[in-house]
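Participant: need a structure here:
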Amino acid sequence: MSYTLPCIQVDQKKQLLMVNEVWSPLEEPIVCVPCDYKMVETKKSLRAGHVMITRGAVYFFKSKFMNPVVFDRKVHILDFRGMRVSTDNIIIEFDHFNGEISSKYAIQIYMAIMTVLKELTFGVSTYKPFEVHGDFALPQIVVSKRIPQAIRWRALFLAHFYDIRGNQLDTMTYFDKWENKKAKRLVLGPSFHPGNFGAAFGHAIGWETMIDTVCFQTLAPTQFARMILSILETASTIDRIAFSDYNNEDHLPQFPTNTIAATTINQWWILRSSFAMVRKFIEFSKFMQVPVKEFILATSKLTKENVTELSNLIDVTQSIQQLETFQLIRCQMKPFPFQPFMSMINKLQNLQNLIICGIDVNGAELLTALCKANATIRNLHITHMQFRNNLPDDLTLPEKLIGLSISTNIMSPGSFSTILSLILTKKRQYPLSLQMHNLQIKENAYKALESINPQSCLPNIFELDWSGNRMPVEESRYFFQLLATQTNLKLLRFEDMTPSDPVQFLRDTSTLTNLLHIPGLDLSGNWDTTLFTQYINSLSSMTWLRRLAIKNSNIGDNGATVLAGVLKQLTQLNDLCIDGMNLSGLDRTFQFWQGILDNIPNIVALDLPKKEISNAGLTPDDILETQMKIYDRIKREKLKPSISDQRLHFVINTIDRVANMEKNGEDASGLRDMFMTPEFFIHASKFMYSNKHAEEQAEAEGEEITE
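Facilitator: Next up, the predicted model:
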């Protein structure tokens, strides 16, 4: 027998009377049929009536003389604990009794219940469905994709679950704008009015698996505490909550005081808000038994007294004491409160990642203070500042430091040379991933490197990002002389380069790569096409290369032909990024990528031709079916080339695993030098690490968050 939905088996008059009982005009019947039912524990016999099922609830109507349908009660599918189905009967198990529906439309009722349940819990790993048993093989209800407007329908469904009714339920249409884009971030701004539905809306958001970040923007409704608590309790894929633009101290949200024993959310951002909001969040954190792993404070004003208070609050807040990542972005802190800030940093004994960006303080003094402070830091960023003076000669970097970024800074010649001296001449247990890209330095800064004796340098760098820096032809020779001492260098990144003499720069780069047999090279710039094609052709002799990235090269079809020939000769190459060649069309683009797939099996990690598609004025959804097959094949057969943060955390993870194995008396020889092997880039590409937002960190550095 064929069963279909919707199933409406009542006349229009009865249906209209029944639909008048729904909570929202959006709530339409899926099933509306006559039945006999029992839905209370005290009832022994079945009552004649009707059942109506919507995406909100299961409604029951009793039949009375002179009044064919009278609303009796509704039940919610999430309260079901089990269900047994026969051809004309359904037994529903609740916590303390069994309900019963007798109807010749029992199968359609079963189908409607299971369709609503599977649609509205689609992708929710935290929900465990009840068991369904049939007296025969029941129709299988399969929901293979997320339904349109899922948050809206979940909000309706969960409003019934929490049994809260009101006109503000219509606020669920607020999510329609998000549905059009389906971004990973959901912004709840001042035009969102949840009313009494805080729990329902919070639960609906928590169940949305396309979201990983929820941002509250100046939102402080009366049920804020219930809403955020519901998000925390039900979140499946959400791991980050941000608060933005809370500057009116008379209109701050009230946080819950319930103990939070478990949640997926462990990253918290406070952007463009007063310290009163920071204080409220830290006090709320006292109720969290789940560690706060990341805390970002951006574009706020902090006094010395504020930082002292923050340090004192950390003393009594266990969840914050376990902080692993702290980012301080573009905050007003003048004068910089060194003493309370360093006191606070020293209290964070699990702190591994410290990012300080855009603070009005002498970067040289800040770096000096941090080198003398917390020894647990593994990854330190000091960016968008001015380094005005020399570093002390006796300064040493933190012992456990593996990643150091001092990019996008203005540096005096003295700061520049003493920083490189600190990095290159002091003995270290492990080499560094060093990022010094987009520096504002004068030509005489390179001349200052003459003061560093290459013979005193140690091989302390395994990855160097020097992208976007000026390279004066004469003075840069001192820089290359120092790099020639870095025998542990695995990756040299010269991207977006504008050297004063491109020919000499490419010659120096080639000499260095040949001298050290550097296995990884990322190179790009505004080159003459003929010159760069000649350089690419010269790479064919560098048979030790394992990674090559020449993104945005604009070499065109002729250059791509040369590159294809070079790639066939680089038989050890396994990590390749080439997007942005500016080929003549997408047919030529996908022909090139297919050639790599078919003819160069040693390439394990390969980027997608996204820039080529964009240059054609298209998106991946617009390309031809034959092109999409190649695009999907790249995604299916190849790894994504690793990014800097991924490589860094792979190294840190490997070092920690080795330390733990040796501590337990295990043989760690197979792991100890994994990050120094030729297969480093593939190991890193395969590494899954916790910071899935690594490519989004720029958000905190000034991006507007709006509804």
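Participant: tell me the mean pLDDT for stretch 594-602?
Facilitator: Stretch 594-602 shows a mean pLDDT of 96.
Participant: renumber starting at 470 from here on
Facilitator: Happy to do that; since the first residue is 470 now, the last one works out to stretch 1063-1071.
Participant: restricting to C-alpha, output it in PDB.
Facilitator: Taking Å, rounded to 0.1, in the frame of the first residue of the first chain, the C-alpha atoms of stretch 1063-1071 are listed here in PDB:
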ATOM      1  CA  GLN A1063      43.600  17.000 -14.400                       C
ATOM      2  CA  GLY A1064      47.100  16.600 -15.800                       C
ATOM      3  CA  ILE A1065      48.500  16.700 -12.200                       C
ATOM      4  CA  LEU A1066      45.900  14.200 -11.000                       C
ATOM      5  CA  ASP A1067      46.600  11.800 -13.900                       C
ATOM      6  CA  ASN A1068      50.300  12.100 -14.400                       C
ATOM      7  CA  ILE A1069      52.000  13.300 -11.100                       C
ATOM      8  CA  PRO A1070      51.100  10.700  -8.400                       C
ATOM      9  CA  ASN A1071      53.700  12.000  -6.000                       C
END
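Participant: pull out the buried positions in it.
Facilitator: 1063, 1065-1066, 1069 (16 or more other C-beta atoms under 10 Å). Every C-beta, even on glycine, is put in place using the N, C-alpha and C of the backbone.
Participant: and the lowest-mean-pLDDT helix or strand in the chain, what other elements does it pack with?
Facilitator: Across the helices and strands of the chain, mean pLDDT, DSSP states H and E gives its lowest value to helix 1138-1141, namely a mean of 76. For helix 1138-1141, the packing partners by 3 or more C-beta pairs under 8 Å, 6 or more residues apart in numbering; DSSP states H and E come out as helix 1113-1132.
Participant: can you tell me the average pLDDT over the helix it packs on?
Facilitator: 91.
Participant: and it, what does it pack against?
Facilitator: strand 901-904, strand 930-934, helix 1138-1141, helix 1149-1155.
Participant: dump the ones you listed to JSON lines, plus distance to A842.
Facilitator: JSON lines is the format used below for the helices and strands packed on helix 1113-1132 (distance: least, C-beta to C-beta, whole Å):
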{"stretch": "strand 901-904", "distance to A842": "18"}
{"stretch": "strand 930-934", "distance to A842": "23"}
{"stretch": "helix 1138-1141", "distance to A842": "29"}
{"stretch": "helix 1149-1155", "distance to A842": "29"}
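Participant: lowest average confidence across those, which one?
Facilitator: The minimum mean pLDDT among those belongs to helix 1138-1141 (a mean of 76).
Participant: could the helices and strands packed on helix 1113-1132 go into TSV alongside distance to N1023 and mean neighbour count?
Facilitator: Shown next, in TSV, are those (distance: least, C-beta to C-beta, whole Å; neighbours: other C-beta atoms under 10 Å):
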stretch	distance to N1023	mean neighbour count
strand 901-904	25	23
strand 930-934	22	23
helix 1138-1141	41	13
helix 1149-1155	25	22
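Participant: out of the ones you listed, which is closest to L1042?
Facilitator: helix 1149-1155 (9.7 Å; C-beta to C-beta).
Participant: before we move on, the earlier item: got a list of contacts for the least confident helix or strand of the chain?
Facilitator: 1123, 1126-1127, 1130 (C-beta atoms under 8 Å, 6 or more residues apart in numbering).
Participant: now that helix: how far from the chain's centre is it?
Facilitator: The chain centroid and the centroid of helix 1138-1141 are separated by 30 Å under C-alpha atoms, centre = their mean, to the nearest Å.
Participant: can you tell which of the helices and strands packed on helix 1113-1132 is closest to D708?
Facilitator: With C-beta to C-beta as the yardstick, what comes closest out of those is helix 1149-1155 (21.6 Å).
Participant: and that closest one, what does it pack against?
Facilitator: So helix 1149-1155, by 3+ C-beta pairs under 8 Å, 6+ apart, packs with strand 1044-1046, strand 1074-1075, helix 1113-1132.
Participant: sketch out the strands for the stretch 870-1019 of the chain, chain order is fine.
Facilitator: 872-874, 879-880, 901-904, 930-934, 960-966, 989-994, 1016-1018 (DSSP state E, counting those that start in this stretch).
Participant: in space, what's closest to L893 - neighbours in sequence excluded?
Facilitator: C926 (4.4 Å; C-beta to C-beta, 6 or more residues apart in numbering).
Participant: equivalent analysis for S594, please.
Facilitator: In space, and not counting its chain neighbours, S594 is closest to S705: 5.6 Å by C-beta to C-beta, 6+ apart.
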